[in-house]
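J.: need coordinates for the following:
(one chain, ligands or ions: 2)
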Amino acid sequence: MDNPGTRNLVRQLAEDFGWLEEHCRRRADQGAQAGQLRLAAALVRNCVGPFLDHQPATPVHVAVVGGAGAGKSTVVNLLTGAGAAEANPLAGFTRHPVAYVNANGPLTWPAHFGFLGPLQRLTEPEPANLDKDVYQVRRVEEEPTSATLLKDFVIWDCPDMTTWAASAYVSRLLEIAGLADVVVYVASDERYNDEVPTQFLHQLLKTNKPVVVCLMKMKEGDAPELVAHFQREVLSRFTHEAIACLTIPYLTAAELADPVRLAGRYRIPLLNQVAVLGNPPTAARQRVVRGACHYLVADNEQLLATARQDVAALEEWRSFVYTGQREFDERYRREYLASEKFRSFDEALVRLLDLLELPGVGKFVSGTLWVVRTPYRLFKGWLGKTFSRPDAPALPEQAVLDEAWAGWLDLLRREAASRGDAHPLWQHVEKGFSTGLAQMAQERFQEGFRNFQLHLADEVNRTARAIYEELEKNPVVLNTLRSGNFALDIAAIAGAFTIGHIGLHDFILVPLLASIKQQVVELLGKQYVDSQREQIRTRQQLLVTQHLSGPLAEWLAQWPATGGSTFERLQVALRRVPLAVKQLDAAVGQAVSLGAGSRQAEPVLQP
Ligand SMILES: Nc1nc2c(ncn2[C@@H]2O[C@H](COP(=O)(O)OP(=O)(O)OP(=O)(O)O)[C@@H](O)[C@H]2O)c(=O)[nH]1
Ligand SMILES: [Mg+2]
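T.: Numbering: from 1, shown residues only. Ligands and ions are numbered 1, 2, ... in the order given. The predicted structure is shown next:
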């Protein structure tokens, strides 16, 4: 590909569809949706990608598809004129795609990068019932006289699609369906309206592939009636039309053995129909590539529907998990932190006030002032004893956390039980609760609690100590504060003398003013220490969130999306796919208008 941006776009889109398909396959009820996603990936990888990569329009790929035992291999033999495809009475015999090509033609097309996704090409011939993710190419000799298709066409004999759930087996068919330029849909008279093949036919028609229906094994006289039936019962249910509806009545063993000579009247119309749809090959290829892009654009939302529902359910679950976390944090704050006193901060306040007193000679002055303030101290002590109420006993931290945690889990358990019908995710969670989820969560809680304690250890005491230690380490500030404190004391005394001059009343005025000053200093100190106390509360709350409730919430939020990052990956796919599909459509439009061989503008790949 001469445009690496386009190649990356193709690869990324096919990968995203592939990932979404795997995601759907994990859910029992999403087989059909998984099949659609596989077909979308196959269209991108095998049809649109090679076109943008300037692969030649020949050979034209013809896929013969249908229910088990419908007669697909028989039709392949009619198309090739050779008896190389194993028609077998055992329904579901063909298990991997087999391509029939001209004996002498070049065989470069399977070499294209990413061709047929995970299917490996067999290097040795194997019977068609080999049940592996492989495909093989068989060269067949064409009779020179016969009407021939194989010069420019490859005919693919495919496995059936009796059930969407048989993932590996159906996905092989879907790879070829994505590749096909022309589809021949085979249905036999007795099972022409089976549900899964009909759904599959509908799916193919929606991708805008030209489909020729081939009804098999009826009595010749019943053919018109069966066609009318098929039109009425099956085709009329779809908005997209099949190109034609041919019939091949029940052939004799001899006709089956030599279709070129003996079954020409059924074979030639089929050959003609296919040849018309594949010619000219360039136009045929452009038609299916454009059709594939239109389908991807039009059905985008439908393709992403399961993923969107899953994201919505996961988001709802997550929101409950985080509501639980908020309640947990709030309860811890309300029931423990709010009433926790942090006694070490009271001691820190005493130490802080002590520090403000003068050392050395100053000690004498401080001592004197201390004596001067004796009445104040005594009065304050009495006030404290008389009016303070005993502290309400705080609940132990572990008990509060345990109860808040139980409340959190209860909330989730209740939601899961009441929402079981809304989305399988809730059933999954409910089942989880009865099979060990709570136990696992409890272990994580214990681990988180240990972690929290480890980080908390000393933090409170360290913060309390820092209140006076910081000051001790900073002599300039300390001395300034001490001088300030001392100056205030002196000012109080001097103030007393100034107000009342020297006299007996100074024995009252001096202690009173010194006490007022002391009260102011103590209040300021207390305010500072209380602000530190509040900070440690906030810090401790943060530690609980960081080491306990946060990791628990993350783990719980991820839990239903088994595989860890499923949620994120879903969101990436949901964001990228619609844009990538639009870019792919634009690149194809541009390539078609410029002629398939021209360069296209570089698409911008999304992260
Ligand atoms: N006699 C007769 N047998 C037929 C006719 N069409 C199909 N059969 C037989 O029906 C059986 C199934 O046909 P196949 O062509 O193998 O069908 P298929 O769709 O490839 O089946 P699977 O690969 O098993 O899904 C084989 O034994 C065929 O020989 C017919 O027109 N006449
Ligand atoms: Mg077969």
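J.: skipping adjacent residues, who's closest to residue 190 in space?
T.: Leaving aside its chain neighbours, residue 190 sits nearest to residue 217 (7.4 Å; criterion: CB to CB, 6 or more residues apart in numbering). C-beta: built from backbone N, CA, C; applies to glycine.
J.: ok, that neighbour touching residue 189?
T.: Yes: counting by CB atoms under 8 Å, residue 189 is a contact partner of residue 217 at 5.1 Å.
J.: count of neighbours near the residue nearest to residue 190?
T.: Neighbour count for residue 217, taken as other CB atoms under 10 Å: 21.
J.: ok, now the one 3 residues further on?
T.: For residue 220, the number of neighbouring residues by other CB under 10 Å comes to 11.
J.: lowest average confidence, helix or strand, in the chain?
T.: Least confident helix or strand of the chain, by mean pLDDT, DSSP states H and E, is helix 361-372 with a mean of 71.
J.: in whichever helix or strand comes after it, what's buried?
T.: Past helix 361-372, further along toward the C-terminus, the next helix or strand under DSSP states H and E is helix 374-387. Neighbour-count burial for helix 374-387 flags residue 376 (criterion: 16 or more other CB atoms under 10 Å).
J.: state the mean pLDDT of helix 374-387.
T.: Helix 374-387 shows a mean pLDDT of 74.
J.: ok, and what's touching that helix?
T.: Applying CB atoms under 8 Å, 6 or more residues apart in numbering, the contact partners of helix 374-387 are 511, 512, 514, 515, 518, 519.
J.: go through these and single out the one with the most neighbours.
T.: Busiest of the contacts of helix 374-387 [other CB under 10 Å] is residue 514, holding 26 neighbours.
J.: between the particular helix or strand that has that one in it and helix 374-387, how big is the angle?
T.: Per DSSP H and E: residue 514 is located in helix 506-544. Here helix 506-544 runs at an angle of 50 degrees relative to helix 374-387 (axes from the mean of the first three to the mean of the last three CA atoms, to 10 degrees).
J.: close to ligand 1: what parts of the stretch 301-450 of the chain are there?
T.: Applying the criterion CB under 6 Å from any ligand atom, no portion of the stretch 301-450 of the chain neighbours ligand 1.
J.: quick one: the helices in the stretch 301-450 of the chain?
T.: Ranges of helices in the stretch 301-450 of the chain, per DSSP state H, counting those that start in this stretch, are 305-335, 344-355, 361-372, 374-387, 397-418, 424-434, 437-456.
J.: any chance of those helices in TSV with distance to residue 156 as columns?
T.: Below are the helices of the stretch 301-450 of the chain laid out as TSV (distance: least, CB to CB, whole Å):
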stretch	distance to residue 156
helix 305-335	29
helix 344-355	81
helix 361-372	102
helix 374-387	95
helix 397-418	47
helix 424-434	36
helix 437-456	47
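J.: so where's this structure shaky on pLDDT?
T.: Scanning the chain with the threshold set as pLDDT under 70 gives 1-4, 144-147, 165-168, 360-363, 365-366, 384, 387-395, 500-506, 562-565, 596-607.
J.: can you verify my assumption that residue 117 contacts residue 17?
T.: No: counting by CB under 8 Å, residue 17 is not a contact partner of residue 117; they are 10.3 Å apart.
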